[in-house]
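Peer 1: Return a 3D structure for these sequence lines:
(one chain, ligands or ions: 1)
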Amino acid sequence: MEHNLNKKELALIEKLREKYKHTDDELANNLEGLLHYQGLHYWDYIQLDALISLQHPKTDFDDETIFIVYHQITELYFKLIMHELEIFSSPQRKEYLEINNWIKRIGRVINYFDKITDSFNIMLPGEKYNPDQFFDKIEFSKFRLALMPASGFQTVSIRKIEMMSTSLHHLLVKERRHELKNETNLHTLYENLYWKKGGRIHGVYDHQNNLKKTRTLENFEKKYDTELLQFAEKYLNRNLWYLFFQHAEEELEQIREDEKIRVLLRDYDQKVNKVWKGNHLVSIMKQMSTEEYGTGGTNWREYLPPAKQDISYYPELNL
Ligand code: HEM
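Peer 2: Modelled structure (predicted):
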């Protein structure tokens with residue numbers, strides 16, 4: 001039989017014959033399926049209809065849509081960051097044994113944090129010379145009351161990124177860091193994380209004479225405590241800090257000595273704990289200058305300033 005197939009097409013047919021050899025007509029049926037296949041469309045692949053129908057403002061203020069979409073954009077970047085850290089630290093893949101993977105994966109994570117830091121001006125109020133460019137302060141001051149007690153405080157992604165990046169000991173509330181430095185009980189460590197102590201109402205005490213928890217924190221704990229404790233356990237021996245400082249594999253000795261990796265880790269630490277958090281705080285100061293409590297009910301002036309949290313993923317590198 002004569003045919004006009006070129007060499008490449010023939011080789012592909014051979015491969016397909018090999019792949020679809022389960023039954024006599026498997027290849028023919030699959031080729032016929034290909035004949036009727038309409039091709040993939042962008043809108044299906046990206047799930048565009050689903051994606052752009054995920055915004056449901058709770059009020060009639062126009063700018064609430066900006067607030068929702070920007071949080072969603074940030075969550076997607078958080079997803080990309082976790083994707084990198086999950087692959088990098090996988091005990092099956094052991095990517096962390098190769099220096100280039102440190103550069104590639106942590107480089108990407110830093111790049112993603114840069115993006116959400118640079119774009120934080122979307123959440124800033126308009127400037128005098130261009131009042132309509134940014135996010136409306138008056139509208140925000142009104143619609144935020146319809147969102148209570150929901151708050152960015154309740155994003156579990158940032159809590160996971162922290163646990164993937166460093167040891168729980170480095171995430172403790174400043175006042176107990178020294179006292180708990182040799183503590184190994186995960187539950188005790190978890191209960192003393194800085195944000196757990198931050199999500200409180202200053203000046204108001206519960207029955208045990210602890211600062212009273214905000215409803216935002218209570219709701220968050222109800223939804224995520226079990227999941228986060230399991231997550232903390234999973235990352236106990238595979239977070240970036242552990243891999244860099246503790247993991248006992250010979251190949252890591254050389255990586256630990258490499259100044260490039262030290263600079264990269266320091267840069268990452270700085271970008272999250274100073275720059276991203278700093279820009280977040282600037283937005284809050286401009287949007288909520290006269291508000292004592294955040295939408296989540298915390299005394300944000302006490303809890304949020306990076307200098308007061310004093311969190312560093314890799315304090316050993318800053319010495
Ligand atoms: C105008 C914009 C924003 C304002 C006014 C704002 C306000 C606040 C306030 C007041 C808090 C303290 C908790 C509370 O009492 O509510 C907080 C916490 C937080 N917000 Fe925002 N926020 C804004 C944008 C964002 C965005 C876009 C994200 C990204 C998901 C975000 C993530 C967080 C996180 C992770 C915390 C906890 C911080 C920590 O534990 O260090 N916020 N925010």
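Peer 1: end to end, how far does stretch 301-311 reach?
Peer 2: Here the two ends of stretch 301-311 are set 16 Å apart, with distance taken as CA to CA, to the nearest Å.
Peer 1: Quick check: buried residues in that stretch?
Peer 2: 301, 303-304, 306, 309, 311 (16 or more other CB atoms under 10 Å). From N, CA and C alone the C-beta is placed, and that goes for glycine too.
Peer 1: Inside helices: which ones of the residues you listed?
Peer 2: Using DSSP state H, the subset of these located in helices is 301, 303, 306, 309.
Peer 1: closest to Asp258 among those?
Peer 2: Closest approach between those and Asp258, by CB to CB: Pro306, at 27.5 Å.
Peer 1: Could I get the contacting residues of the closest one?
Peer 2: For Pro306, the contacting residues are 273-274, 277-278, 281, by CB atoms under 8 Å, 6 or more residues apart in numbering.
Peer 1: Now flag whichever of those is closest to the ligand.
Peer 2: Lys277 (5.9 Å; CB to the nearest ligand atom).
Peer 1: give me the element that closest one is part of.
Peer 2: helix 277-287 (DSSP states H and E).
Peer 1: The residue of the stretch 201-319 of the chain found nearest the ligand: neighbour count?
Peer 2: Using CB to the nearest ligand atom, the single residue of the stretch 201-319 of the chain nearest to the ligand is Gly294, 2.2 Å away. Gly294: 23 surrounding residues under other CB atoms under 10 Å.
Peer 1: which residue ranges form the strands in the stretch 51-200 of the chain?
Peer 2: Assigned by DSSP state E, counting those that start in this stretch, the stretch 51-200 of the chain shows strands spanning 200-205.
Peer 1: repeat for the stretch 201-319 of the chain
Peer 2: 211-213.
Peer 1: Show me which residues of it are close to the ligand?
Peer 2: Contact residues, the stretch 201-319 of the chain versus the ligand (CB under 6 Å from any ligand atom): 277, 280, 283-284, 287-288, 294-298, 300, 304.
Peer 1: Let's see the pLDDT reported for the residue nearest to Ile261 when sequence neighbours are not counted.
Peer 2: By the measure of CB to CB, 6 or more residues apart in numbering, the closest residue to Ile261 outside its immediate chain neighbours is Trp102, 5.2 Å from it. pLDDT recorded at Trp102 is 98.
Peer 1: Surely Trp102 and Ile255 touch.
Peer 2: Yes: with contact defined as CB atoms under 8 Å, Trp102 counts as touching Ile255 (6.4 Å).
Peer 1: Find residues that contact each of these two.
Peer 2: 96, 261.
Peer 1: circling back to that earlier point, and the furthest pair within the residues of the stretch 201-319 of the chain next to the ligand?
Peer 2: Longest span within these, CB to CB: Lys277 and Gly297, 19.3 Å.
Peer 1: for stretch 196-209, which positions count as buried?
Peer 2: Quick answer for stretch 196-209 (16+ other CB under 10 Å): 196-201.
Peer 1: mind checking how far the residue lying closest to Lys197 once chain neighbours are set aside is from Tyr303?
Peer 2: Distance criterion CB to CB, 6+ apart; nearest residue to Lys197, sequence neighbours excluded, is Val173 at 4.0 Å. Here Val173 is placed at a distance of 10 Å from Tyr303 (CB to CB, to the nearest Å).
Peer 1: Mind listing the shared neighbours of those two?
Peer 2: Gly198.
Peer 1: need the residues of the stretch 1-150 of the chain near the ligand, please.
Peer 2: Neighbours of the ligand within the stretch 1-150 of the chain, by CB under 6 Å from any ligand atom: 70-71, 74, 123.
Peer 1: go with 5 Å
Peer 2: 71, 74, 123 (CB under 5 Å from any ligand atom).
Peer 1: Count the residues that sit near the residue of the stretch 51-200 of the chain found nearest the ligand.
Peer 2: Here the stretch 51-200 of the chain gets closest to the ligand at one residue, Gly152, 2.6 Å apart by CB to the nearest ligand atom. Close neighbours of Gly152, defined as other CB under 10 Å, add up to 15.
Peer 1: With Glu233 instead?
Peer 2: Glu233: 12 neighbours (other CB under 10 Å).
Peer 1: end-to-end on stretch 134-154?
Peer 2: 24 Å.
Peer 1: hmm, who's touching it?
Peer 2: 57-59, 61-64, 66-67, 71, 121-127, 195, 199, 214-217, 219-220, 280, 286-288, 291, 294-298.
Peer 1: what do you get if the cut-off is 7 Å, keeping everything else the same?
Peer 2: Residues from elsewhere that reach stretch 134-154, judged by CB atoms under 7 Å, 6 or more residues apart in numbering: 58-59, 61-64, 66, 71, 121-126, 199, 214-216, 219-220, 287, 294-298.
Peer 1: Report the buried members of those residues.
Peer 2: For these, buried by 16+ other CB under 10 Å: 61, 63-64, 66, 123-125, 199, 214, 216, 219-220, 287, 294-298.
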